[in-house]
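Colleague: this is the structure alone, sequence omitted:
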């Protein structure tokens, strides 16, 4: 059943609420109200037109209740990862109103004694989406999934892998393909209403957690499974998460997401790699377990003007021979149409039986 | 200060106590007694001559106390990972005698209420070596370490990467190099008396945990830092741990450890890779962050007779042009002498500053 979210973002909705914006733009669940006293009385589209939502903005949880929410979503991830102290009352009010609490904060709200006790009394639950469940080791069951599996990879973190995945899913659905988005990070989880934050899983179990997500999407009857990517294969800190997604999701095809203006991995001296290097590195690694090809390039050209963006898209295509586009700037339809025929089911390598 | 271990392995010392054997053979700490009633009255070398230890075997903790242990080591990792119920009394006796308890069991002894309370009363501690400490994200500080860093990698798990690391450290020390072993798994930690089980660290922090271990070894004044490897780069479940060690330890050189009789990754259909493929894959990946070369091949020829072993060593050398040997079968001296001049300090890539 779909959630009906009230989103808590006091003083921050317009400026600093990436999670809230993602859930409004792409969420599977409905957003029925936003709580931010500074904008009370307006609606979302008045404040942020590109979100195209007429959900009302109110000042308090009590006012939000008239729109019959079933859950309160913590709409921002403030620095330090803790709940701002002046938000506690709103969370307690929501718990008392029997709303489910959904949080992507670093600090686990379910481990807060006061919230925990209040939720028990009210008979509601607290879902800390960053807290991974217990998962089994990677089993190889994912190799038997019939639907093709598409994994997003990229030249750095925070280049738009999640957005590209969501846009491609939308484009596939418009063409009648039952595509499903597989969330692997906190914003993606809030958007889809399920998933596991793979970067929080104990290293040994990260491929197994990824496999479970793909199996779940397959079980739901997807025709195309689109797995959100994380990090970058040459990221000094996050590449193990990238590799866990590569081995655990056992993709049939990859889409490469690049911000062409990045010269180095965020916060590290490591240079970003070129298109051909990235393609070769991912394909070479996967060829040792289950081969997969990069089938297209999605560019994030946000920092370029339109003619520079078109030139970069053309360069990416010329260098690699692959379809390339910016699916946010120019829409996902063309790129999806060009990559769809290239997504073909592949089989894992099987060692020859010992003679 | 060195620990003085009594090792608890009732009914299992001779057959099923890999941890105990590793600590006796290679440990930095002393083993003053083994507790196994079935062999009481004998010494370790009577039961397992290759361990060359005259530590006495006794029936109970009380009897072990005459040898003045400072710690009780749980000497086996039984299936399921829990402490056998009939071992509880021995652990409690050891706690009452103020011994430190050191355990690599999956179940955390420090989380056991009875043990926890007893240890508090006795004023002693319980060290669950598999429990990782809180660690920072990878920082890049490891790039400033002066001592060369050597990382072990391999064609599968459980092929002897830890043993090769320990043998190379011994060979280096015999030649006057202050080499230090950096433990990254539970048996290695017990042998060295410090370390972190990297496979238990949350994915995002696994490179950071590895970096901290290398910084610690550097701080202790090592001339050569030898990092225990884990998994394999094409292991469907454990490759993220392998990659975390590669990015986090920022090695200057690699030694490749292979069991040439393995045709596939243990428990998975994935074929093992050949020497040249393994070398290319590791070097290509590291070349995107901090270049490193494979400088030698250590073969585990345990399943081959001596002439087949020598033929395989010759084949590995011929195929790759690298020094190759089995350091357990033929001693580490020759391989170490040949690789030592090849271990040269390397620098990480640095993105060109933006013009």
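Modeller: Received it, and whenever you're ready, just let me know what you need. All values derive from a computational prediction rather than experimental measurement.
Colleague: C-alpha from now on. contacts and neighbour counts both.
Modeller: Fine.
Colleague: which residues touch residue A:94?
Modeller: A:61, A:71, A:72, A:100, A:101 (CA atoms under 8 Å, 6 or more residues apart in numbering or on different chains).
Colleague: and the pLDDT at it?
Modeller: pLDDT, residue A:94: 98.
Colleague: element containing it, please.
Modeller: Secondary-structure assignment from DSSP states H and E places residue A:94 in helix A:88-96.
Colleague: check which residues of the next helix or strand after that helix are buried.
Modeller: Counting by DSSP H and E, the next helix or strand C-terminal to helix A:88-96 is strand A:100-103. Buried residues in strand A:100-103, counted by 16 or more other CA atoms under 10 Å in any protein chain shown: A:100, A:101, A:102, A:103.
Colleague: quick one: strand A:100-103 to chain centroid distance?
Modeller: Here strand A:100-103 is found 18 Å from its chain centre; the criterion is CA atoms, centre = their mean, to the nearest Å.
Colleague: what's the answer for stretch A:138-157, then?
Modeller: Averaging C-alpha positions (CA atoms, centre = their mean) puts stretch A:138-157 14 Å from its chain's average.
Colleague: tell me if that stretch is near chain B.
Modeller: Yes. Contact between stretch A:138-157 and chain B, assessed by CA under 8 Å from any CA of the partner chain, occurs at A:138, A:140.
Colleague: ends of that stretch, how far apart?
Modeller: The stretch stretch A:138-157 measures 24 Å between its terminal residues, going by CA to CA, to the nearest Å.
Colleague: and the stretch 201-350 of chain A, which residues reach chain B?
Modeller: Counting by CA under 8 Å from any CA, the positions of the stretch 201-350 of chain A adjacent to chain B are A:201-208, A:234-241, A:243-244, A:247-248, A:263-264, A:268-273, A:281, A:284-285, A:288-289, A:348-350.
Colleague: so which of those belong to helices?
Modeller: A:206-208, A:239-241, A:243-244, A:247-248, A:281, A:284-285 (DSSP state H).
Colleague: my guess is residue A:232 meets residue A:238, correct?
Modeller: Yes. Using CA atoms under 8 Å, residue A:232 is in contact with residue A:238, at 6.8 Å.
Colleague: go through the contacts of residue A:94 and name the one nearest chain B.
Modeller: Distance to chain B across the contacts of residue A:94 (CA to the nearest CA) is lowest for residue A:101, with 24.5 Å.
Colleague: dump the residue contacts of the closest one.
Modeller: By CA under 8 Å, 6+ apart, the residues touching residue A:101 are A:71, A:72, A:73, A:74, A:91, A:94, A:95, A:125, A:126, A:127.
Colleague: repeat that for 7 Å
Modeller: A:71, A:72, A:73, A:125, A:126, A:127 (CA atoms under 7 Å, 6 or more residues apart in numbering or on different chains).
Colleague: most neighbours among these, which one?
Modeller: residue A:72 (29 neighbours; other CA atoms under 10 Å in any protein chain shown).
Colleague: what's the average pLDDT for stretch A:184-197?
Modeller: Averaging pLDDT along stretch A:184-197 yields 95.
Colleague: near chain B, which residues of the stretch 1-150 of chain A?
Modeller: Contact residues, the stretch 1-150 of chain A versus chain B (CA under 7 Å from any CA of the partner chain): A:137, A:138.
Colleague: again, only using 6 Å
Modeller: residue A:138 (CA under 6 Å from any CA of the partner chain).
Colleague: ok and the residue in the stretch 1-150 of chain A nearest chain B?
Modeller: residue A:138 (5.4 Å).
Colleague: surely that residue is in contact with residue A:208?
Modeller: Yes. Counting by CA atoms under 6 Å, residue A:138 touches residue A:208, with 3.7 Å between them.
Colleague: with neighbour numbers in mind, choose between those two.
Modeller: Legend: neighbour count by other CA under 10 Å for residue A:138 and residue A:208, higher for residue A:208 (28 against 24).
Colleague: contact partners for the more buried one?
Modeller: A:136, A:137, A:138 (CA atoms under 6 Å, 6 or more residues apart in numbering or on different chains).
Colleague: can I get those residues in CSV including secondary structure and pLDDT?
Modeller: Formatted as CSV, the contacts of residue A:208 follow (DSSP: H, G, I helix; E, B strand; the rest coil; pLDDT from 0 to 100):
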residue, secondary structure, pLDDT
A:136, coil, 95
A:137, coil, 95
A:138, coil, 97
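Colleague: coming back round to it: now which of the residues of the stretch 201-350 of chain A next to chain B would you call buried?
Modeller: Neighbour counting by 16+ other CA under 10 Å classes A:201-208, A:234-241, A:243-244, A:247-248, A:263-264, A:268-273, A:281, A:284-285, A:288-289, A:348 among these as buried.
Colleague: quick one: secondary structure of residue A:297?
Modeller: Here residue A:297 is recorded as strand under DSSP: H, G, I helix; E, B strand; the rest coil.
Colleague: buried residues, the lowest-mean-pLDDT helix or strand in chain A. List them.
Modeller: For chain A, the helix or strand with the lowest mean confidence is helix A:18-26, at a mean of 91 (criterion: mean pLDDT, DSSP states H and E). For helix A:18-26, burial by neighbour count (16+ other CA under 10 Å) applies to A:18, A:19, A:20, A:21, A:22, A:23, A:24, A:26.
Colleague: tell me which of those residues is nearest to residue B:39?
Modeller: Residue B:39 lies nearest to residue A:19 out of those, by CA to CA, at 63.0 Å.
Colleague: and the closest one, what is it in contact with?
Modeller: Residue A:19 neighbours (CA under 6 Å, 6+ apart): A:75, A:76, A:187.
Colleague: let me know the pLDDT of the second one.
Modeller: Meaning residue A:76. Reading off the model, residue A:76 has pLDDT 83.
Colleague: surely it touches residue A:17?
Modeller: Yes. Counting by CA under 6 Å, residue A:76 touches residue A:17, with 4.6 Å between them.
Colleague: let me know the secondary structure of residue A:256.
Modeller: strand.
Colleague: what about the residue of the stretch 1-150 of chain A closest to chain B, distance to residue B:215?
Modeller: 32 Å.
Colleague: show me where pLDDT drops low in the stretch 201-350 of chain A?
Modeller: Counting by pLDDT under 70, not a single residue of the stretch 201-350 of chain A qualifies.
Colleague: would you map the strands across it?
Modeller: A:224-227, A:253-258, A:293-299, A:324-325 (DSSP state E, counting those that start in this stretch).
Colleague: any idea how far residue A:76 is from residue A:49?
Modeller: From residue A:76 to residue A:49 the distance is 19 Å (CA to CA).
Colleague: same check on residue A:42?
Modeller: Here the criterion is CA to CA. By it, residue A:42 lies 12 Å from residue A:49.
Colleague: then residue A:321?
Modeller: 37 Å.
Colleague: please look at residue A:128 and residue A:105 and confirm they touch.
Modeller: No. In this structure, residue A:128 is not within contact of residue A:105 by CA under 6 Å, at 7.4 Å.
Colleague: neighbour count: those two, which is higher?
Modeller: residue A:105 (22 against 19).
Colleague: which strand or helix spans that one?
Modeller: Here residue A:105 is assigned to no helix or strand, by DSSP H and E.
Colleague: was I right about it contacting residue A:81?
Modeller: Yes. Proximity of residue A:105 to residue A:81 meets the contact threshold set by CA under 6 Å, at 5.3 Å.
Colleague: I am finished for the moment; much appreciated.
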